[in-house]
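> The sequence isn't on hand, but the structure is:
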């Protein structure tokens, strides 16, 4: 191997480019530079003008190069300059010292162990042990059944059984602990390594730490593979500080880091965007004569380019050519791509210039990279100039046009993208499925469904083969328009053609169905997936159950849980030893068996750390110092999640938002601003919410419908409906089209109890229908209830007719209005409307409105009529529901008939109806109204211990009841408890306790409650 120092001493083959240019200010804003070397706090108009001129001169020079260059076109466009060819590019074996190759030796020993094990034929032992572990508990425990195997285990068998349990770390750990108790000699360093690897993959780092301490206590020494696994697993979680600490600890333990360790360190630092530290490690590797492979070189180049260290990029490129003997053309291609990805357009142009000066062959794909980089950086005008030159040189293909379309879509200039698309189509150009899909997705997103489906039809006409992403986009669009039958038809057609849709596609299908309250269809999708024997992940079930819970669809939840119980997705997955060897990201055996979810851009460890600091009681200065000490890799996704989880501590969350915005290399996105505005609104800090909105505009961030929806909802929920209407009009004046969420937010606000505006709600609802949006079930219920309570029955009936034309079934449309009439207590109109429905739909309708009718009759104290209705319903096979029994319980408590209320409760459970939060809340209210306070507390504790957990309404109701019964101190305790379980007490909650304590003569406690209210209000606002 050639020594680095020898080449460093010689003259450089590549010029080291040190740029003293400031971050360029273009007519279209580009990605800001992140190079700390190039930052200059004193920037004037003259300097910026000079920079613009420098860029213009450089750009003119490059366009002349392109104009005079002789292109040689190759039909294999994308593969002409592969940076890494996974099929044919073999990683060269390195000559290295004994210390450097220790990991390789460990692997060799592991392979030898596998051969010996095969000779002993222990496969039946491994299989039997795995079967017992995966079989779960039965009459005998897992440990007892392992004991009954009556076979001799050894360390190698233990290791292999653990690898079989790779996907179920709890079982692996249980087996590991059993082996330790049975015979500690079976647990070797190799066994610990396997266990640490498995736990690290599942992010169980607290157990990993315990195992490391256990190794020390048991005098089981770590080997270099232990350190490599630890560094790798913490690196995957982006715990940079911990990784650096482990590296130092490894050296202190007497182990010399080998090539594998350095590669893991470098990869981790690059992924964590720690370019300066990565460069130090690279220099250390170079001094030890260690050489990178192409994949890692490429990763390092991109990291340095994003950091803005042009000097370092050229230094690495120099080593790639001189030490690793990588062809100059390939190295320059890597550099060009790195600068283009990072938005360093000036640097990318310099690379093109250098290639020309050095007579390095340039092909069309180099300019494709440049065009793509310019489009990403927002310099579409310059990109189009290059495209025009390439077009005149006849050195252009469809790919470059697709890049421009993508550039327009990134800037939300959909009309220009669509115009270029149609021009290409008219000229006979064949575009890829990804371009069609991107166009459709953007059009569907702005509710241009007709244009989106036109693109889809064009794709079918031109014979472009659909992929799962395109199919998912079209299915989602169909459902958004309530065209569920067409969505199903598309799914069935694709399956007939042999295309297997992914679980992700079906998840989108389910989510869109739930959004329009088509829960039966969502359950049908689950059944369909089960019929196809697709693995339905628990997160899909959890999302559906959570969504249905919010909509109080408890009957549907049981159906989903039933499917979940019968869902057989326990496939055996093994961990082969080759996957534990730390390598660059080539395909390993582990890759072939583990399907990972897309990696988040932040670690849960960082998220929990920040949330813990923000939710603490220390002042902001102390919190800021703690945050500074944390080794955080801040991304917009992390900021959004932190804000969401810390919404109860709004003041600290908004301080964090402001602090993060000042960090070098970080820039807030529209999503982070939207979340910050939502938190400010929830804390009634409307001045700051508006300030954040104005800040978004100043920073040229996209102000979408979602942003304005948040403002409408936050103002509307506290009755500031005039301001909500004003923002709605402002949205339309800005040319921002309201979407279905906009209309829903505004109508819900206008229909609320506070400052209700019925006429305006009717106008907005009509506008929503005319705009082509279909209201969901939740919105229709709120709207109809508002109309019925305002006694506007004519408009309510017109709404029912409209719903029938929009695809709602007759029984469903009528049931929504009948329920609203029942809540308004209008018995006569309810009965009239029921009779308007035809006989064939009567049974279905009765099933929908049964509970509401009984509830209304009982509210009117018509018990006999309610009981007769229940009996008549039984004759049609419709039996009492939870809703019906809960209404009976409420009625009997009001009538002071406690024994009958409890009889109804027991009968409900006997009939298989599971009590809900509303049922238990009714019991608490009933006991309180009958002065049985201890019984009320018993029900409340039962809810907390056994479920369902009390919600905000339960806490509010109980506090109100306690204060009315002279138990305001107990209500005060519930205020504190609300905060601890994640509910922010409302003004009404504080008022009830405050007035109650004053009535009881406990004025000091009342003042304490008032102070607590002020403290909470202040903690949810940004105090300046």
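All right, it came through fine. The shown structure was predicted, so the numbers you read here are calculated from the model rather than taken from an experiment. Residues are numbered from 1 along each chain as shown.
> now the helices for the stretch 351-500 of the chain?
Using DSSP state H, counting those that start in this stretch, the helices of the stretch 351-500 of the chain run over 364-376, 380-392, 398-410, 414-426, 433-445, 449-461, 468-480, 484-496.
> for the stretch 651-800 of the chain, same thing?
670-682, 686-698, 705-716, 721-733, 740-751, 758-770, 777-789, 793-805.
> Now find how far off-centre the third one is within its chain.
Translated: helix 705-716. 21 Å (CA atoms, centre = their mean, to the nearest Å).
> what's that helix packed up against?
For helix 705-716, the packing partners by 3 or more CB pairs under 8 Å, 6 or more residues apart in numbering; DSSP states H and E come out as helix 670-682, helix 686-698, helix 721-733, helix 740-751. C-beta coordinates here come from the backbone N, C-alpha and C atoms, glycine included.
> ok, residues contacting the shortest one?
Translated: helix 740-751. Contacts to helix 740-751, defined as CB atoms under 8 Å, 6 or more residues apart in numbering, come from residues 447, 480, 705-706, 708-709, 712-713, 715-717, 721, 724-725, 728, 731, 756-758, 760-761, 764-765, 767-768, 771, 773-776, 779, 782-783, 785-786.
> quick one, what contacts residue 335?
Neighbours of residue 335 in contact, by CB under 8 Å, 6+ apart: 301, 305, 313-314, 317, 351.
> which of the residues in the strand or helix carrying residue 171 are buried?
Per DSSP states H and E, residue 171 falls inside helix 169-182. Buried residues in helix 169-182, defined by neighbour count with 16 or more other CB atoms under 10 Å: 169, 171-176, 178-179.
> count of neighbours near residue 316?
As a burial measure, residue 316 scores 24 neighbours (other CB atoms under 10 Å).
> cool, residue 802 as well?
With other CB under 10 Å as criterion, residue 802 counts 16.
> Can you name the residues that contact the closest residue to it other than its chain neighbours?
Excluding the flanking residues, the one nearest residue 802 by CB to CB, 6 or more residues apart in numbering is residue 769, at 6.2 Å. Counting by CB under 8 Å, 6+ apart, residue 769 makes contact with 775, 802, 806.
> So which one of these is the model least confident about?
The member of the contacts of residue 769 with the lowest pLDDT is residue 806, at 80.
> so that one makes contact with residue 482?
Yes: counting by CB atoms under 8 Å, residue 806 touches residue 482, with 6.9 Å between them.
> Show me which of these two is the more surrounded one.
A count of neighbours by other CB under 10 Å puts residue 482 above the other of residue 806 and residue 482, at 18 against 14.
> The more buried one and residue 675, how far apart?
When distance is defined by CB to CB, to the nearest Å, residue 482 is 30 Å away from residue 675.
> Kindly report the same for residue 418.
The gap separating residue 418 from residue 675 is 31 Å, by CB to CB.
> Kindly report the same for residue 168.
From residue 168 over to residue 675 the distance is 35 Å, taken as CB to CB.
> Equivalent analysis for residue 437, please.
Using CB to CB, residue 437 is found at 28 Å from residue 675.
> Just send the contacts of residue 769 back as CSV, with distance to residue 668 too.
As requested, the contacts of residue 769 are arranged in CSV below (distance: CB to CB, whole Å):
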residue, distance to residue 668
775, 33
802, 42
806, 39
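> Closest one to residue 924 out of those, please.
residue 775 (34.3 Å; CB to CB).
> and the closest one, what does it touch?
740, 743-744, 747, 765, 768-769, 783, 806 are the contacts of residue 775 under CB under 8 Å, 6+ apart.
> Drop anything exposed from these.
Looks like those have 740, 743-744, 747, 765, 768-769, 783 buried, using 16+ other CB under 10 Å.
> Of the buried residues of helix 169-182, just say which sits nearest to residue 638.
residue 169 (25.2 Å).
> Residue 821 and residue 833 touch, don't they?
Yes: Residue 821 is within contact range of residue 833, at 6.7 Å (criterion: CB under 8 Å).
> The two: which is more packed in?
Legend: neighbour count by other CB under 10 Å for residue 821 and residue 833, higher for residue 821 (28 against 21).
> so what sits against both of residue 806 and residue 482?
Common neighbours of residue 806 and residue 482 (CB under 8 Å, 6+ apart) are residue 774.
> and residue 965, what is it in contact with?
So residue 965 contacts 928, 931, 933 (CB under 8 Å, 6+ apart).
> quick one: which of these is most hemmed in?
That'd be residue 928 among those, by other CB under 10 Å, with 23 neighbours.
> Find me the pLDDT at that one, would you?
What the model reports for residue 928 is a pLDDT of 91.
> Identify the residues contacting the nearest residue to it once chain neighbours are set aside.
Nearest residue to residue 928, sequence neighbours excluded (CB to CB, 6+ apart): residue 961, at 3.8 Å. Taking CB under 8 Å, 6+ apart as the criterion, residue 961 is in contact with 924-925, 928-929, 936.
> So which of those are in strands?
Among the contacts of residue 961, none falls in strands (DSSP state E).
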